[in-house]
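# here you go, sequence then predicted model.
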Amino acid sequence: MNEFPWLTVLIAVPLVGAVVAPFLPKANPVLAKQFGVAVALLTLAVGVAVAVQYDVDAGMQMQEQHTWIEAFGVHYALGVDGLGLLLILLTALLVPIVLVASWHEGDENPAAFVGWTLALEGLSLAVFAATDVFLFYVVFEATLIPAYFLIGGFGREGRGAAALKFLMFQLGGGLVLLGSVIGLYVVSADQGSPSYLLGDLAQLDISTEAGRWLFAGFFIAFAVKAPLFPVHTWLADTTEKATPGTSVLLVCVLDKIGTFGMLRFCLGLFPEASQWATPVVVVLALISIVYGAFVAIGQDDVLRLIGLTSLSHFGFITLGIFVFSTQGGTGSILYMVNHGLGTAALFLVAGYLIRRRGTTLISQMGGLEKATPVLAGLFLVAGLATLGLPGLSPFVSEFLVILAAFDYRWYVGAVAVTGIVLAAIYVLWMYQRTMTGPTPPEVEGTRDASVREVAAVAPLMVALVLFGFYPAPLLDVANPAVESLLSHVGVSDDPPTVDPADVPPHSYSEGEAH
Amino acid sequence: MDFTKPTIEYAELSPLLIVFGVAILGVLVEAFLPRERRYLSQVVLSSVGLVAALVATVWVGVDLGKVGDGAARGLVAAEGTVVVDGPSVFLWGLILVFALGGVLLFAERRLEAGVSVFAGQAAALPGTEAERQASTRGLDHTEVYPLLMFAVGGMLLFPAAGDLLTMFVALEVLSLPLYLLTGLARRRRLLSQEAALKYFLLGAFSSGFFLYGVALIYGFAGSMQLERIDAAVRANVENQALLYIGIGMLAVGLLFKVGAVPFQAWTPDVYQGAPTAVTAFMAAGTKIAAFGALLRLFYVGFGADRWGWQPMLWIIAILTMLIGAALAIVQTDVKRMLAYSSIAHTGFLLTGVLGVQSATELADGEVTSLQAVLFYLTTYGFATIGAFAIVTLVRDSGGEATSIQRWAGLGRRSPLVAGVFAFFLLSLAGIPLTAGFVGKWAVFTVALSAGAWPVVLTAIASSIIAVYFYVSFIRLMFFTEPDGGAEGEVASVTSPSILTSAAIVIALAGTVVLGIVPGPVLDLAAHAGQFIR
Amino acid sequence: MYLLSDAGHVPVVAPTGADGIYSLMWLVVALPLLGSAVLLLGGRFTDRWGHLLGTAMPIGSFVISLLMFVDLLGRDEADRQVGQHLYDWIDVGSLHIGMDLLYDPLSALFLLLITGVGSLIHVYSIGYMAHDPRRRRFFGYLNLFVAAMLMLILAENYLGLFLGWEGVGLASYLLIGFWQHKPSAAAAAKKAFVMNRVGDIGLALAIALMFVTFGTTSFSGVSALAGGASENTLTAIGLLLLLGACGKSAQVPLQAWLLDAMEGPTPVSALIHAATMVTAGVYLVVRSNFIFELAPHAQTVVVIVATVTLLWGAVLGCAKDDIKKVLAGSTMSQIGYMMLGAGLGTAGYAFAIFHLLTHGFFKANMFLGAGSVMHGMNDDVDMRRYGAVRHAMPVTFLTFAMGYLAIIGFPGFSGFWSKDKIIETALAENWLVGVLALLGAGVTGFYMTRLMLLTFFTEKRWKDDVHPHESPGVMTFPLIVLAALSVLSGVLLLGDWIVDWLSPVVGHAEHHEPPIPALAVTGLAVLVVAVGVAIAWFLVGKREVALTPPEDVSFVTRAARRDLYGDDINDTLVVRPGGALTRALVRLDSSGVDGVMAGGPAQVAGIAGFLRRAQNGFVRTYALSLLGGVLLVVLALLAVNLT
Amino acid sequence: MDDVTPYIILSSILFTIGCVGVLTRRNAIVVFMCVELMLNACNLALVAFAKQHGNLDGQVAAFFVMVVAAAEVVVGLAIIMTIFRTRRSASVDDASLLKY
């Protein structure tokens, strides 16, 4: 462990940036933004460096471990596996994009906007890299503070209440999680010396009953985070009031912690309880998929709508996790990444749209396509990604999840698949009402997407198309992580019902003989 | 009958002796120094005294010898009346640090334009000529410093008391000066005096119960020594009714001091009415001392009958957390909100008290109940002193602006002060990376280890409620446009002198450091070991 | 009891590696894809030459297709399946899906149809869209469509097919809504996409079921293992595939989008909604013959759906005044015929494909002809305002007439051969279906004649400011080519060539003898059509045509004008309940769920507001509560310990 | 050994009277005196128990309590005095500004 502490550097860069940002000279507001983008790009570079060194088959790697609070058995322990790496890269990619795309969103106080964003980035990266449950919990909760100030400080009227609601849900879930984290300590201490290291905890012999209680605590917290029905109601309010950039950070990065946690902690620490809870979780996931989509269809606020689509998407991710198969697991991990890319694009482009129209209400938009074809095109591509069009990366993950769900129980797959129709409705109806139709006179001269705006979302678009046709890089990273997780849980994929050995070989020439 | 000279361990008792000595010196200063010079000499005297006591405490702590198998350290001093063991020394250290903070806040004169926050002449009627004269002449009640020192002395003695009589005396010694200090506010005298009256009457009432408990336990055990009481409890002697009624009444006296439900009624009124500097000192110091005494009484005196009194504490803890947190939501006054918050914290601390006490029942390196409570008291003290100190800064034309409405938008006007206040609130709420989180973690853990999961679940539920009002307040400061209320006035931050600033900085540093690297202090608390009997 | 006779054997897909000319197979898809990428990303820089590039790409694909076809012709019958593995697409656990292409006799024919007709339509569009400022984008979309359609046809596994399947859906969406500023166009585009998605559920689930059952989704894997699955499973797969096919091919009950889709520019209707995309459902059923042959129940359902649709479409065609909608109804009906052929199993697959090809030619021809007419009539689509156009637009008229004769099945024309074969086979398999198919042929004769008469004959009814004129050469050239193909493509049946050609893919079985001799069937069909034409002549040709449709019409006509209440049924069953559900859920979300979740603070505050009254400021009350506490504590202690 | 029960009963009666007095009387001075009565009840109990156990601890404690009570009187009267001066009333019910 004398290697260069890449992960610490990765986390430290944005955090240092966050601390420095408020002290930049106020006279030049652009400086703070440039600084933010520079730090975010530097973080991305470190992230790429981590990815380059990553060995696909080596499991948890680049580990760092230092004792932190000895009395609690707490370590400052970091490491990445396939799951963590993908989310780290997603985070590192999205933050510079968000900063560039929402160049003017934080104009009231650019230094604060940049500072909180970078703080959120650093803490999120720490969440994905933490291999100590206590450390995870600490940063998991700590991410809320920058998120709170981003929501409450920037955005639209009513954001204070939205920020409060957000924080209350998250802290509520977090405190429930605290109960389980403490329980984990007690169990760990009962079996020798207490330790919070994931590696040590996975070895614990947790009794069935204790495991289920602890699982419940973890799951509830992650369900609030993810979010799942019925603890999702903070989501719509938050995305509605926050700036689109903030929403990207929230929905595309922060919420991933929920599903990330389900994979890493619920399945990793409580395999028995996870399987025990599967029926309930699957039902909640299905409700989220269908319910989220329906509620999204009924929205008139474009940001709220996009926020609610994520409820549906997180339903898919959760479903994939809890059907326990390689396709489901990999599909979920991929879904996290792809949802991050697609929804980020949708939020950011919606943000451009809102800046131009000065309203978020879909019913007051319309007819913009003619004046701003590029913007409309970007919006459409992002929307198509959201509805899972083949050829764009979300399709691959959605397909894998549906496949796995169908494999689990055919009717689960059948219910989940309705999500793709509903997705088509909410995306296309939104597009229809915002972009198409006769062009109102006040819209005629609207400026099309600027170079900065296009450049900001271009990487997302490229990634969406690239991974739609060639998801192999993502799959290569995700597969080993899922396989080791499933073998830890102790499940294997169902074999096909038709065993090739049972089918008599016949070919065309043989058929001809009839 | 031979006269045996009592052995007094002067060295080990030096912190106590220093504090009481300084207090008496302070009285002499009042008596003999001219008025103009009293302020400076009193401030210097009490600060130096506290620092000296602190140094002595450290020295005593370092020197403390091991007892028995090494799980505990210390000695029983002064013929069994004072127990100088690890927890005592730790608590002494805490009390002295926060008392020093109290002195700093007491001595602040810049906020009130050159006078202290205490009434120039307590006996003078507000709004009379005498009062005005006192004001213009810059008169101060410098008696507050000796009073403070006496209270500190009582606080030091309280958790270290080895018998019930000492404990009672210590209780009174710490209480009586506080009653007086409460009534000495320069502004809002009516409220201040009312608070003092209530505090006094209820305090005396509750100490009556405490004393009756002392009598009954004496009747049960035939001695007031905690050690002998423990022996009697173990021996399971006759008259269990005496024991339990006695335990109950003793508990009432202590639970009153810590502000546990249903003995909390005085807390909000007194916290609100007292001068904020006094509130800060009182909230931190009293709670630490009283919890120390509570722990000692229940662990040492009645530890053998844990299953007898724990259910009662379970209920009290649950009620305290829930009611403290719930009532804080509806408050409209900052100090009152903090008072209810302190009630909720009493509940959390009681949760810790319910934990496993004996290190032998725990795994190697597992957190003990005592360690958890001691650590929690540390974090709570820092955050409380810091929060109240900031309350003294936020003012409008009528002095401190304690009405919550006035704080709206403070984050825009004074981001630094509001940010620091928010940080203290977050620590009180137990958000990670603040000291409060580690403390909360510790007390919940020990309770869960002892199987008190219903209490822990309630604690989590009330934490969620508590978080709500802390976070609402942060929202108010940062994201609410000030409307100024009926008077159309908003509060602003008055820049304090070095004294208050120092107090705030110390509290902030403590909260930050304990949140990020709690290890050393936790180790210190663990190092303190067990109570000795 | 099956409606149809027993199945024959199931051919297995077993492609060999691609070499020689076949190594260019991927270019067939890649060229138009590249074209669309350049045109769509290139922005205004490509405005000037975009349409030329866009036209060149499908022509390039056509050339490659032709070369491969020629090569395939020279191969041994057993050797006519060529596979190309491009790269691993999705590789998770036991799931291995490659980006694989399959070129066999079936895809060969489709490739020629798509690239051939596609190229012609591109050429036509150069003229048709000449005045549209967004022409470059139109060509980008068209290229995208061609690429997706070719992907659909060339894919070697169901997921690749699904990729193309959704790709054509997207292109169709973009093209139907090309004139987005018209709300009706935007709505129609969305409707088409959403209804297609409903069908896609079926396809997606079918793929999932195949994976669960066989562990693979490739044609070769599934076809080899199909025999091992239970019949119920296969029936389920078949029905799910059929659901997909219904969506894409506008079969009942997912037919409602097709008529609305006529909002798109006419070349789009010709390419997508006549010649190629809508036939993808037929392709899917034929391609999945190894499933359907083993799932007779599913085949039965295919036949029922097909029969209902062919009549449904024909009835719609009778009642519409919009020239494109008549053609669209006709398309729906003709696809019903193809689907019928496909549902008849081994005996019918080849004829289904045969009809698909001939229909591709003559319907594209007629759509483009209709476009040409509209071009000359200021984009008016109402036939009641046409009349006697033949004088003004002779080329259009003549080419259209060829298509007309082909579709009604005039002896010797391509449609005659292909439709006749399907009717004949249907009669042989089940007389009721055969009779209904025959009836449909008669109705076809009626509505197509009506269209001809209203448009090209009768007296002129257009307004004075309309000056019909013949379209430019760039538009008439494709018409002529397609007209020739409409007349001549019957040659494919010479010597049963097409049946033999496709038998490696779909198997071969002699169909049963029809209850009456084949020649009699043919004669009957011609007779029925003649009756239909005659009725049209008497009802339309001999009477004055009102400029507005008459109101005092029978229930049947009213129903037909309203698309046989297709939209109303959807509204009643799906849209309105769905809307109500959405509104209810939105309300539930904001008040119910959120109320419970976020109402907590209010509840707590309410309780606290009540509790705080205990703190009434009177010290004696406090003392009382303290005393109460004492009693409580003491009694609790005594109760716990002394009982 | 003497039976101390009557003394304890007497002491508890006195204590209860003190309690009730605190709860019922309005005048701060009287309330205060009732508290003192409670303390004296404690003294009685302490002394009685000292007699029972045959050691002096209880008696000593009683002296301490007297001293403490004296100190309490000083403080208490001072507080009551100030509030009487400002309010012109020694009724505990008048001081009820701080509430809720």
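Cool, got the structure. What you see is a predicted model, and the numbers here were worked out from it, not measured in a lab.
# correct me, but residue A:33 touches residue A:112?
No: using C-beta atoms under 8 Å, residue A:33 is not in contact with residue A:112; the gap is 11.8 Å. (Each C-beta comes from the backbone N, C-alpha and C, glycine too.)
# between these two, which one's more packed in?
More crowded of residue A:33 and residue A:112, by other C-beta atoms under 10 Å in any protein chain shown: residue A:33, with 23 against 18.
# excluding residues flanking it in the chain, which one is nearest the more buried one?
Leaving aside its chain neighbours, residue A:33 sits nearest to residue A:110 (5.4 Å; criterion: C-beta to C-beta, 6 or more residues apart in numbering or on different chains).
# also residue A:55?
Nearest to residue A:55 is residue A:61, by C-beta to C-beta, 6+ apart, at 6.3 Å.
# do you know how far residue B:274 is from residue B:268?
Applying C-beta to C-beta, to the nearest Å, the value for residue B:274 to residue B:268 is 11 Å.
# likewise for residue C:420?
96 Å.
# okay, the two: which has more neighbours?
Between residue C:420 and residue B:268, counted using other C-beta under 10 Å, the more crowded position is residue B:268 (29 against 23).
# you'd agree that one is in a helix?
Yes: counting by DSSP: H, G, I helix; E, B strand; the rest coil, residue B:268 is found in a helix.
# what sits against it?
By C-beta atoms under 8 Å, 6 or more residues apart in numbering or on different chains, the contact set of residue B:268 is B:327, B:331, B:336, B:339, B:340, B:343, C:615, D:98.
# so where's the chain shaky on pLDDT?
Here I'm looking at chain A. Chain A contains residues with pLDDT under 70 at A:1-2, A:504-514.
# chain C was what I was after
In the predicted model, chain C carries pLDDT under 70 at residues C:1-10, C:510-512, C:597-598.
# please enumerate the strands of it.
Per DSSP state E, chain C carries strands over the ranges C:16-17, C:82-92, C:95-103.
# so what touches the shortest one?
I take that to be strand C:16-17. Under the contact criterion C-beta under 8 Å, 6+ apart, strand C:16-17 has outside partners C:79, C:81, C:82, C:83, C:84.
# from the chain's centre, how far out does that strand sit?
Between the centre of strand C:16-17 and the centre of its chain there are 31 Å (C-alpha atoms, centre = their mean, to the nearest Å).
# strands paired with that strand, and their directions?
Next to strand C:16-17 in the sheet, as set by DSSP bridges, lie strand C:82-92 (parallel).
# would you mind listing the outside residues contacting the partner strand?
By C-beta under 8 Å, 6+ apart, strand C:82-92 touches A:326-327, A:330-331, A:396, A:399-400, A:469-472, A:475, A:479, C:15-18, C:22-23, C:25-26, C:72, C:96-104, C:156, C:159-160, C:220.
# for residue B:302, see how far away the residue in the stretch 51-200 of chain B positioned nearest to chain A is.
The stretch 51-200 of chain B approaches chain A most closely through residue B:90 (14.5 Å), counting by C-beta to the nearest C-beta. Taking C-beta to C-beta as the measure, residue B:90 falls 22 Å from residue B:302.
# again with residue A:154
From residue A:154 across to residue B:302, the span is 56 Å (C-beta to C-beta).
# same thing with residue D:87?
Separation of residue D:87 from residue B:302 (C-beta to C-beta): 43 Å.
# more neighbours: these two, which one.
Set residue D:87 next to residue B:302 and count neighbours by other C-beta under 10 Å: residue B:302 wins out with 22 against 16.
# nearest to chain B: which residue in the stretch 351-500 of chain C?
Counting by C-beta to the nearest C-beta, the stretch 351-500 of chain C gets nearest to chain B through residue C:379 (55.9 Å).
# touching chain D at all, the helix or strand where residue B:248 lies?
Assigned by DSSP states H and E, residue B:248 belongs to helix B:240-258. No: Helix B:240-258 stays clear of chain D (C-beta under 8 Å from any C-beta of the partner chain), getting no nearer than 8.9 Å.
# which helices and strands does that helix pack with?
The contact analysis (3 or more C-beta pairs under 8 Å, 6 or more residues apart in numbering or on different chains; DSSP states H and E) places helix B:240-258 against helix B:164-182, helix B:189-221, helix B:276-295, helix B:306-329, helix B:334-353, helix C:619-641.
# to chain D, which of these lies closest?
helix B:189-221 (3.7 Å).
# list the helices and strands that closest one packs on?
Packing partners of helix B:189-221 (3+ C-beta pairs under 8 Å, 6+ apart): helix B:164-182, helix B:226-235, helix B:240-258, helix B:266-273, helix C:619-641, helix D:5-24, helix D:28-53, helix D:57-87.
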